[in-house]
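Asker: got a structure for you, letters missing:
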Ligand SMILES: Cc1cc2nc3c(=O)[nH]c(=O)nc-3n(C[C@H](O)[C@H](O)[C@H](O)COP(=O)(O)OP(=O)(O)OC[C@H]3O[C@@H](n4cnc5c(N)ncnc54)[C@H](O)[C@@H]3O)c2cc1C
């Protein structure tokens, strides 16, 4: 019997495996893909803070970014720029491989090509059933970690509730001409209720993608045609990939002998849809709590509840404020977004924000609350008569 079965060998599952194996536990990772580090529908943007906190190796960083151009629905532009690197674009395939290598280096075993279809929790352990090329494989462990990413059916069957809200995304790799800054596009015609991006990954290549409440593939095709017409990319023949992102956490992220981590738990920034850093932070918390529970030989739901308390203490407020901002943005018309761009520029809010020491790519809560207290912006919000109330419990 293993100590821990980790279901899902994405960055979050592999990080839990790395930590637990490093603490001396016997860990197996079950992954449905045939090989680690395949193509992932993800822009791979993580903050410098994430790179530093998790010691991410330079070899997986494609690009360091210190500026971005934001385009309003009618084409008004805000350029955000800071001296120092704000975010890094990682090669997601290499990044996933690197963390899996860390885990394997500490002794975690990987069983690939194994789709987990069932998890049964019993008094003395968990039984996990996987299918590998038609063959049924059974695994037993003292506890299981579910790190299956967005939309896994596994979680639903375990009585942990549902993800509160989600959005769909689409992305493609394109060849570019003269694009050397990250570009972000807003507008109902571009990416309804969310935004789109063009992220250069090398001098001639970029990822173009978007998140949207409806038809992301359709809107991405439109965006690719428009970028081609603007001369920013060289061809509109691109292979699209699709994936969802949770915007609200799972109702409960632990149970007897179980924890759920990463996208499967909805540990994602609702403002941007970024889930790598928050997922890794929660993976760290999950591993520490599981380690303690394994050592105490108390894997009851009551004992593992500390995992949820701890990650919510760290991220709960950010997730709530971020979700409120997301819903607020969804109430804005294109005209109102244009107007917000004008106000931000003319009142110098952009300059003030860029100078703020606590401006962070990952922690938006305090800055958002400060912005709402900004006289010009709060007056404008009132003037726009947006039927929305701010409420963060
Ligand atoms: C279009 C798009 C762009 C994004 N861009 C960014 C970005 O720039 N920055 C950022 O931080 N985040 C971004 N994200 C989100 C980011 O990709 C996720 O937050 C991140 O991948 C979460 O990692 P994870 O390990 O929890 O899940 P995943 O990376 O999804 O890994 C889950 C793993 O579990 C495996 N699995 C699933 N079910 C089973 C099963 N039943 N049995 C066995 N294995 C299973 C899967 O094959 C997969 O390998 C983006 C998402 C999308 C859709």
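Answerer: Thanks, I have it. Keep in mind that what you see is a predicted model, and the values were worked out from it rather than measured. Numbers count the residues shown, from 1 in each chain.

Asker: OK, contacts around residue 1?
Answerer: Counting by CB atoms under 8 Å, 6 or more residues apart in numbering, residue 1 makes contact with 125, 140-142. C-beta: built from backbone N, CA, C; applies to glycine.

Asker: any idea how far the ligand is from it?
Answerer: Counting by CB to the nearest ligand atom, to the nearest Å, the separation of residue 1 from the ligand is 19 Å.

Asker: could you flag which of the contacts of residue 1 are buried?
Answerer: Buried residues within the contacts of residue 1, defined by neighbour count using 16 or more other CB atoms under 10 Å: 125, 141-142.

Asker: from these, which ones fall inside strands?
Answerer: 141-142 (DSSP state E).

Asker: pick out the most distant pair among the contacts of residue 1.
Answerer: 140 and 142 (8.6 Å; CB to CB).

Asker: give me the common contacts of those two.
Answerer: Shared contacts of residue 140 and residue 142 (CB under 8 Å, 6+ apart): 1-2, 125-126.

Asker: and those residues, which is closest to the ligand?
Answerer: Taking CB to the nearest ligand atom as the measure, the ligand lies nearest residue 126 of the shared contacts of residue 140 and residue 142, at 14.1 Å.

Asker: partner residues bridging that closest one?
Answerer: Beta bridges link residue 126 to residue 121, residue 141 when assigned by DSSP bridges.

Asker: looking at it, it is touching residue 142, isn't it?
Answerer: Yes: applying CB atoms under 8 Å, one finds residue 126 in contact with residue 142, separated by 7.5 Å.

Asker: overlap in contacts of those two?
Answerer: Common neighbours of residue 126 and residue 142 are listed as residue 257 (criterion: CB under 8 Å, 6+ apart).

Asker: just checking, what packs against the longest helix belonging to the chain?
Answerer: When the chain is parsed with DSSP state H, its longest helix is helix 301-330. Under the contact definition 3 or more CB pairs under 8 Å, 6 or more residues apart in numbering; DSSP states H and E, helix 301-330 sits against strand 254-255, strand 258-260, helix 276-296, helix 365-372.

Asker: select, out of those, the one closest to the ligand.
Answerer: Nearest of the helices and strands packed on helix 301-330 (CB to the nearest ligand atom): helix 276-296, 3.3 Å.

Asker: so how far is the closest one from its chain's centroid?
Answerer: How far helix 276-296 lies from its chain's middle: 17 Å, per CA atoms, centre = their mean, to the nearest Å.

Asker: before we move on, what about stretch 203-217?
Answerer: A distance of 15 Å separates the centroid of the chain from that of stretch 203-217, by CA atoms, centre = their mean.

Asker: what about that stretch, near the ligand?
Answerer: Yes: interface with the ligand: stretch 203-217 contributes residue 209 (CB under 6 Å from any ligand atom).

Asker: in that stretch, what counts as buried?
Answerer: 206-212, 216-217.

Asker: turn the buried ones among the contacts of residue 1 into a markdown table, columns for distance to the ligand.
Answerer: Below are the buried ones among the contacts of residue 1 laid out as a markdown table (distance: CB to the nearest ligand atom, whole Å):
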| residue | distance to the ligand |
| --- | --- |
| 125 | 19 |
| 141 | 15 |
| 142 | 19 |
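
Asker: Throw the buried ones among the contacts of residue 1 into JSON lines and include pLDDT, thanks.
Answerer: Shown next, in JSON lines, are the buried ones among the contacts of residue 1 (pLDDT from 0 to 100):
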{"residue": "125", "pLDDT": "97"}
{"residue": "141", "pLDDT": "98"}
{"residue": "142", "pLDDT": "98"}
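
Asker: which single one of the buried ones among the contacts of residue 1 is nearest to residue 260?
Answerer: Checking the buried ones among the contacts of residue 1 one by one against residue 260 (CB to CB), the nearest turns out to be residue 141, at 15.5 Å.

Asker: might one say that the closest one is in contact with residue 124?
Answerer: No: between residue 141 and residue 124 there is no contact under CB under 8 Å: 10.8 Å.

Asker: and residue 213, what does it touch?
Answerer: Neighbouring residues of residue 213 by CB under 8 Å, 6+ apart: 167-168, 192-194, 330.

Asker: what do you get for residue 68?
Answerer: 79-80, 181-184.

Asker: over to residue 145?
Answerer: 4-7, 13, 16-17, 258-261, 286, 290.

Asker: give me the element the nearest residue to it once chain neighbours are set aside is part of.
Answerer: Excluding its sequence neighbours, the residue lying closest to residue 145 (CB to CB, 6 or more residues apart in numbering) is residue 6, at 4.5 Å. Take DSSP states H and E as the rule and residue 6 turns out to sit in strand 2-7.
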